[in-house]
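> After the sequence you'll find the predicted model.
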Amino acid sequence: MSKKIAVLVGSLRKDSYNLKVAKVFQQIAPASLSLNIIEIGDLPFYNEDIYIDTPPPSYNRFRQAIASCEGVIFVTPEYNRGLPAVIKNALDVGSRPYGKSVWSKKPAAVVSVSQGAIGGFGANHQLRQSLVFLDMPTLQQPEAYVGNITAAFDEHGNINEKTQSFLALIIDSYAKWVEKLS
């Protein structure tokens with residue numbers, strides 16, 4: 001039976017390259033994984049005042065979706081040398097209330113996708129810092145910085161062989177990581 005894996009995409013743009021990469025992962029994932037892209041763009045900014053009495057329905061939906069998964073893949077751009085607010089907000093929403101985090105012990109992978117040459121290095125490492133605190137064992141190798149992403153897709157939205165091979169290496173390594181931690 002395949003493991004249910006959440007995929008969080010840090011770009012909200014409908015034609016996002018990050019979303020395209022997440023969809024490639026869905027297509028090429030080994031049978032041992034079932035990847036589900038989880039919506040995070042509708043989550044209001046975390047605010048303990050609104051969380052305590054009546055959390056927004058999107059908070060509950062999101063927390064239940066993550067709790068039902070056995071791992072998480074983050075596919076994120078880099079904005080101004082850091083991770084997008086939408087990813088950080090999702091981490092905060094999932095980690096509260098204190099002591100009831102939905103993240104703990106879930107195997108993670110961080111894939112940063114950028115139009116630039118360094119492939120979102122800053123966002124990748126900033127996200128990893130939070131995952132340490134959230135007790136998410138994170139895949140270390142291969143390091144997943146996908147730079148120059150605009151050159152990876154043709155005008156029809158098809159990914160080139162070199163980039164797809166790299167993404168296959170990442171998802172296959174992640175599948176082995178999930179199995180090892182099961």
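Okay, I see it.
> Who are the contact partners of residue 120?
76, 77, 78, 112, 113, 114, 145, 146, 147 (CB atoms under 8 Å, 6 or more residues apart in numbering). The way it works is simple: take the backbone N, C-alpha and C, and place the C-beta from them, glycine included.
> For the residue nearest in space to the middle of the chain, give me the pLDDT.
Closest to where the C-alpha atoms of the chain average out (CA atoms, centre = their mean) is residue 74, at 1.3 Å. Residue 74 carries a pLDDT value of 98.
> gap between it and residue 180?
Separation of residue 74 from residue 180 (CB to CB, to the nearest Å): 19 Å.
> do the same with residue 120
According to CB to CB, residue 120 stands 26 Å off from residue 180.
> ok so, going back, which of the contacts of residue 120 sits closest to residue 70?
Nearest to residue 70, judged by CB to CB, of the contacts of residue 120 is residue 76 at 20.4 Å.
> what's near enough to touch the closest residue to that closest one other than its chain neighbours?
Of all residues beyond its chain neighbours, the one nearest residue 76 is residue 10 (3.3 Å), with distances taken as CB to CB, 6 or more residues apart in numbering. When the contact criterion is CB under 8 Å, 6+ apart, the partners of residue 10 are 18, 74, 75, 76, 77, 83, 84, 86, 87, 123.
> I'd like those laid out as a markdown table, including secondary structure and distance to residue 176.
As requested, the contacts of residue 10 are exported to a markdown table (DSSP: H, G, I helix; E, B strand; the rest coil; distance: CB to CB, whole Å):
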| residue | secondary structure | distance to residue 176 |
| --- | --- | --- |
| 18 | helix | 23 |
| 74 | strand | 18 |
| 75 | strand | 19 |
| 76 | strand | 22 |
| 77 | coil | 26 |
| 83 | coil | 26 |
| 84 | coil | 28 |
| 86 | helix | 29 |
| 87 | helix | 25 |
| 123 | helix | 25 |
